[in-house]
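In: Need coordinates for the below:
(chains A, B, C and D)
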Protein chains: 4
Amino acid sequence: MSVLDKPYKLASRSLGAPSTTIPVGGAVLGSGDVVVMAGPCAVESRQQLLEAASGVSRHGAHVLRGGAYKPRSSPYSFQGLGERGLQLLREAREAYGLPIITEVMEPGTVGIVSQYADILQVGARNCQNYPLLREVGRVAKPVMLKRGSGCTVEEWIMAAEHIMSGGNMQVMLCERGIKTFETATRNTLDLSAVALAKRLTHLPVVVDPSHACGKWYLVKPMCLAAIAAGADGVLVEVHADPDAALCDGGQSLTIDNFGDCVTAIRRVATAVGRRVPASEPVAA
Amino acid sequence: MSVLDKPYKLASRSLGAPSTTIPVGGAVLGSGDVVVMAGPCAVESRQQLLEAASGVSRHGAHVLRGGAYKPRSSPYSFQGLGERGLQLLREAREAYGLPIITEVMEPGTVGIVSQYADILQVGARNCQNYPLLREVGRVAKPVMLKRGSGCTVEEWIMAAEHIMSGGNMQVMLCERGIKTFETATRNTLDLSAVALAKRLTHLPVVVDPSHACGKWYLVKPMCLAAIAAGADGVLVEVHADPDAALCDGGQSLTIDNFGDCVTAIRRVATAVGRRVPASEPVAA
Amino acid sequence: MSVLDKPYKLASRSLGAPSTTIPVGGAVLGSGDVVVMAGPCAVESRQQLLEAASGVSRHGAHVLRGGAYKPRSSPYSFQGLGERGLQLLREAREAYGLPIITEVMEPGTVGIVSQYADILQVGARNCQNYPLLREVGRVAKPVMLKRGSGCTVEEWIMAAEHIMSGGNMQVMLCERGIKTFETATRNTLDLSAVALAKRLTHLPVVVDPSHACGKWYLVKPMCLAAIAAGADGVLVEVHADPDAALCDGGQSLTIDNFGDCVTAIRRVATAVGRRVPASEPVAA
Amino acid sequence: MSVLDKPYKLASRSLGAPSTTIPVGGAVLGSGDVVVMAGPCAVESRQQLLEAASGVSRHGAHVLRGGAYKPRSSPYSFQGLGERGLQLLREAREAYGLPIITEVMEPGTVGIVSQYADILQVGARNCQNYPLLREVGRVAKPVMLKRGSGCTVEEWIMAAEHIMSGGNMQVMLCERGIKTFETATRNTLDLSAVALAKRLTHLPVVVDPSHACGKWYLVKPMCLAAIAAGADGVLVEVHADPDAALCDGGQSLTIDNFGDCVTAIRRVATAVGRRVPASEPVAA
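Out: I've put the predicted structure just below:
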């Protein structure tokens, strides 16, 4: 099947379609720049968030990540701080000049999350939540669409097509691991999907090795591999004190390890003819 | 890990928990009765729905299935008739006395779907859509929770726990196949998960072989296998003219084949000490 | 793709190909008879084997299974008794009149195993061991080919074709579970593959629920489901004292539970128009 | 579970175990050197092999790959040239000074393959062929063990342990993709397994992106990703005329593309503090 026969239209890298570019924090996703997004899995407290924001900012991150609304397998686990979490993200944004990416879980909260976030994240469990995709397709903010852990590359691109068919063309894809029989890692990071999605579509592709691997010591090698494979950026979990994290501590980098990771990313970026631009503060 | 150590509480078949029973169309799910739910994948038109309803009613189905809101991989495919589809389902309900099961896709439409449906269906793609689970956890209608095609048995039971923790204890599970490397079938029907879910929880478990297999000629053997494995019921796609179906025609039984399937189900039910009760019309 | 376009020729249920039938222990695999093969995972000792043989014989098994050469993930685990195990199998065969099925692991031992076994088993790990397939394709004994846990239905049938192209047409297939992301069971038993293999080929298909599920309490429901799905027989692990087994005790039935399982199989067989014939002793 | 609790002993990176190093073609696998192995999937003819050998030699490959005995899903496909293929490999070895890696498929041919090969390859389908592992564990040649497409990282390492427990410590692992639900690539390359295997064991790890991806245009990005992830080398299919290949042409690089790939590998190697040493001819 040629690219022209694909079931997706708007996302397709067909004849003449230019690459989608999304400016963010001094870098431009999709332009060849390597973009680094980092921060805690969940916003837990003012102090926790500001420490992480300070740390990732110091090491050159372009975007601060942090979950205010958390999809959790158990109804008895910490579900996130909700709007209070969004307010803390705004405070961190103002303090460190970092744009914010945070997850939106349902159509009814797209409005409020859009007031706070610079980039809306659609999580892996919602990759085929079409009412949510339709709703984020109507807002004027970039959307990062995580691949469902049970979704094929084609289903993932079709999910992007759902967003784009609503009018929002500022979509970036995010590979974060798929379900396989392997149990030594949380999921199996599919880096060939990154190279493939870059070839099939004109959308930027980001990699989240933290959720894919579930082990902090695999995050750095997988960040480097992602950039070498052609990813436009990485999304990394960082926590000032991973052992105390309420969520996913075992896969979080310390701030020092994050710094070491960014240094290595810079070298690999250069080796493949790309660069990690200096971070530029957003307007408050 | 013993049953008592499981992360789910309300769904667990712990000491002394009685089986959940859900009366529907003259049968009682979870009591040992074998319940048959059947109908078209999607409500396409008045005539199509009434023909299917007439056919499945004649062969003893207890519940009529049919989708008014359809989750589709492509934004360019038929998305269902929406509320018009719900109205047609009500008409079929009144004409044939069959209770209705239909899918609800987002928190914002739980209200309207609840006005029409006897059983709310949460589809496989929404198995971990927690805002939706929370919302159906607040209504006074039974909920059928399909297993996500990328969900483990534990994740599936935890999703049921999300519904139950909202107060709605009328939950039935539905196995409909998981994603595997096998491509000869649409998904891989996991019947060991049925026996396992019956052992781990006190919830009824239904099997949908149509979506799992994607081939009409595998539906009957998998219905029989499901009942032999201990399932409380089956959910089968039936269409008066599968070749003309707008959705999933290749996996739909004709009305005659459905009749043949029910006859065989009756025999296997008897062999395992159970029965397919006579269908009883619902009050209009 | 029609059946006639398949890459397999000899195994294909093409126009006019009669079902392959294999007489064994008073039953005929592939004729509609339901065949029961049972015994310990591994031959551990004379007493252990004879107790198991006595037990399964008493409950009507047609064939005695038991491994003399054991493929084990660890080089430090019990590897089987080798030829001494074959001698014990012969003794059990003579004592109880049960034909023997046992695994052959390499081309070089096909000769000796053939001297003792009534049916040669090719294990899941060797499903694509083509030199071994070629070698068992040259002997005048029936071969049971287990599906590799990473093999598609087509790869499995092509493996049978390797055997048949060597001249040995007495091949039966055995579904024993595939690798998936589900961890609650050892593998995922794929019963739709049974119905599919029966449709695509003229070969008998047997199901091994013990290895697939890895939990003894799932063996009976999966035996019943297998027969309901159209399997020609089951292969069940039975041990007089599962807690003391050197290999796979957790998935072995006790002799009493095996008897209960066979009783239930008889009822389901009748419900689908088939029967479990009386076992007939082999000539010593 | 700590490294010390692992079921493997000889392969484990336990306290004080030095990295296994294997000198080959002027480079040392496991020392930090990046080793490039390349050549055709199968030896098809004298001309085809010599053209490929000339091409990969010119671009700095350290080892020539080529299959003389080919495991093929179909008994009707080209099965390799057998010993004639080994003789052609020897001729290419002498002509270009490249050491040879080639597959051995059964215990009975380990002897003859060892006479020709510098490195024995155990293919993915034979990863758990224990009699073969035992046999290659007795020879004095390095062995490359491909991960089975259905094997977990632990099963793969245990397979290496089988070889090592026979006395042969010169084992290198090779990741070549696992079976998953994704169909856009032939298998799913698991690069996190590379980083993990390097951490859990002291064995060198090589990556074969050609078989994993099945598409030539994914080979270069996956080679770069593999090196960035910490792999000790890559194994790449190269054919002077991929469209005319008897086997796997769609995943083969042309000689020019291979040259471009090596140039890019050199840059990434440098970025991660490593190097691609100059190739040195073997003694004839």
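In: Now for the residue in the stretch 1-150 of chain A positioned nearest to chain D, how many residues are close by?
Out: The stretch 1-150 of chain A approaches chain D most closely through A:Gly150 (7.1 Å), counting by Cβ to the nearest Cβ. For every residue, glycine as well, the C-beta is placed using N, CA and C. Residues contacting A:Gly150 under the criterion other Cβ atoms under 10 Å in any protein chain shown number 24.
In: so who does it touch?
Out: For A:Gly150, the contacting residues are A:178-179, B:148-151, B:178-179, D:181, taking Cβ atoms under 8 Å, 6 or more residues apart in numbering or on different chains as the criterion.
In: Now render the residues you listed as a markdown table, adding secondary structure and pLDDT.
Out: Output for those, formatted as a markdown table (DSSP: H, G, I helix; E, B strand; the rest coil; pLDDT from 0 to 100):
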| residue | secondary structure | pLDDT |
| --- | --- | --- |
| A:Ile178 | strand | 98 |
| A:Lys179 | coil | 98 |
| B:Gly148 | coil | 98 |
| B:Ser149 | coil | 97 |
| B:Gly150 | coil | 97 |
| B:Cys151 | coil | 98 |
| B:Ile178 | strand | 98 |
| B:Lys179 | coil | 98 |
| D:Phe181 | coil | 98 |
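In: Just the buried ones from those?
Out: Among the contacts of A:Gly150, those classed as buried by 16 or more other Cβ atoms under 10 Å in any protein chain shown are A:178-179, B:148-151, B:178-179, D:181.
In: Quick one: name the residues of the stretch 51-200 of chain A near chain C.
Out: When proximity is defined by Cβ under 8 Å from any Cβ of the partner chain, the stretch 51-200 of chain A lies next to chain C at A:179-181, A:183.
In: would JSON lines of those with distance to chain D be doable?
Out: Formatted as JSON lines, these follow (distance: Cβ to the nearest Cβ, whole Å):
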{"residue": "A:Lys179", "distance to chain D": "8"}
{"residue": "A:Thr180", "distance to chain D": "5"}
{"residue": "A:Phe181", "distance to chain D": "7"}
{"residue": "A:Thr183", "distance to chain D": "6"}
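In: of these, closest to chain B?
Out: A:Lys179 (4.9 Å).
In: those strands in the stretch 151-284 of chain A, which residues are they?
Out: A:171-175, A:205-207, A:233-237 (DSSP state E, counting those that start in this stretch).
In: closest one to C:Val24 among those?
Out: Evaluated with Cβ to Cβ, these place strand A:171-175 nearest to C:Val24, the distance being 50.7 Å.
In: which helix in chain A runs the most residues?
Out: Taking DSSP state H as the criterion, chain A has its longest helix at helix A:255-271.
In: Quick one: work out the angle between it and helix D:255-271.
Out: Between the axis of helix A:255-271 and that of helix D:255-271 there is an angle of 150 degrees, by axes from the mean of the first three to the mean of the last three Cα atoms, to 10 degrees.
In: Show me what helix A:255-271 is packed up against.
Out: In terms of contact count using 3 or more Cβ pairs under 8 Å, 6 or more residues apart in numbering or on different chains; DSSP states H and E, helix A:255-271 is assigned the packing partners strand A:35-39, helix A:46-58, helix A:219-229, strand A:233-237, helix D:255-271.
In: close to chain B, is stretch A:98-115?
Out: Yes - judged by Cβ under 8 Å from any Cβ, stretch A:98-115 comes into contact with chain B through A:105-108.
In: List the buried residues for that stretch?
Out: Judged by neighbour count using 16+ other Cβ under 10 Å, the buried positions of stretch A:98-115 are A:98-110, A:113-114.
In: again with stretch A:135-153
Out: With burial defined by 16+ other Cβ under 10 Å, the residues of stretch A:135-153 counted as buried are A:135-137, A:139, A:141-153.
In: re the thing from before, buried residues in the longest helix of chain A, which are they?
Out: A:255, A:257-259, A:261-262, A:264-269, A:271.
In: beta partners of the most centrally placed residue in chain A?
Out: When chain A is reduced to its mean C-alpha position, the closest residue under Cα atoms, centre = their mean turns out to be A:Leu235, at 4.8 Å. Applying DSSP bridges to A:Leu235 gives these bridge partners: A:Met37.
In: hang on, isn't it packed against A:Gly66?
Out: No - under the contact definition of Cβ atoms under 8 Å, A:Leu235 does not touch A:Gly66, with a separation of 11.4 Å.
In: Apart from its neighbours in sequence, what residue is nearest the residue in the stretch 101-250 of chain A positioned nearest to chain B?
Out: When distances are taken as Cβ to the nearest Cβ, the stretch 101-250 of chain A reaches nearest to chain B at A:Gly150, 2.1 Å away. When the adjacent residues along the chain are set aside, A:Gly150 lies closest to B:Gly150, with 2.1 Å between them (Cβ to Cβ, 6 or more residues apart in numbering or on different chains).
In: what's the answer for A:Arg275, then?
Out: Counting by Cβ to Cβ, 6+ apart, A:Ala269 is the residue found nearest to A:Arg275 once chain neighbours are left out, at 5.6 Å.
In: Quick check, the one you found in contact with A:Val35.
Out: No - counting by Cβ under 8 Å, A:Ala269 does not reach A:Val35; the two are 10.4 Å apart.
In: so what sits against both of the two?
Out: With Cβ under 8 Å, 6+ apart applied, the overlap between the contact sets of A:Ala269 and A:Val35 consists of A:Val276.
In: OK, contacts around A:Leu253?
Out: For A:Leu253, the contacting residues are A:210, A:216, A:219-220, A:236-239, A:242, A:261, taking Cβ under 8 Å, 6+ apart as the criterion.
In: A:Ala92 too?
Out: A:Ala92 neighbours (Cβ under 8 Å, 6+ apart): A:49-50, A:53, A:64, A:66, A:98, A:100.
In: and the closest residue to chain D within the stretch 51-200 of chain A, how far is that from chain C?
Out: For the stretch 51-200 of chain A, the nearest residue to chain D under the criterion Cβ to the nearest Cβ is A:Ala195, separated by 4.2 Å. Separation of A:Ala195 from chain C (Cβ to the nearest Cβ, to the nearest Å): 23 Å.
In: Neighbours of that residue, how many?
Out: The local packing count at A:Ala195 equals 26, with neighbours defined by other Cβ under 10 Å.
In: try the one 5 residues further on
Out: Each residue near A:Leu200 was counted by other Cβ under 10 Å, and the total is 20.
In: from what I can see it touches A:Arg13, true?
Out: Yes - taking contacts as Cβ under 8 Å, A:Leu200 lies within contact range of A:Arg13: 6.1 Å.
In: What sits closest to A:Ser57 if chain neighbours are left out?
Out: Leaving out its chain neighbours, the residue that sits closest to A:Ser57 by Cβ to Cβ, 6+ apart is A:Tyr96, at 4.3 Å.
In: what residues are up against that neighbour?
Out: Residues near A:Tyr96 by Cβ under 8 Å, 6+ apart: A:53-54, A:57, A:64, A:281.
In: my guess is A:Arg147 contacts A:Met172, does it?
Out: No - A:Arg147 sits out of contact with A:Met172 when judged by Cβ under 8 Å, with a separation of 11.6 Å.
In: if we can go back for a sec, now the helices and strands packed on helix A:255-271 as a markdown table including distance to B:Gly82 and mean pLDDT?
Out: Rendered in a markdown table, the data for these read as follows (distance: least, Cβ to Cβ, whole Å; pLDDT from 0 to 100):
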| stretch | distance to B:Gly82 | mean pLDDT |
| --- | --- | --- |
| strand A:35-39 | 37 | 98 |
| helix A:46-58 | 41 | 97 |
| helix A:219-229 | 41 | 98 |
| strand A:233-237 | 36 | 98 |
| helix D:255-271 | 52 | 98 |
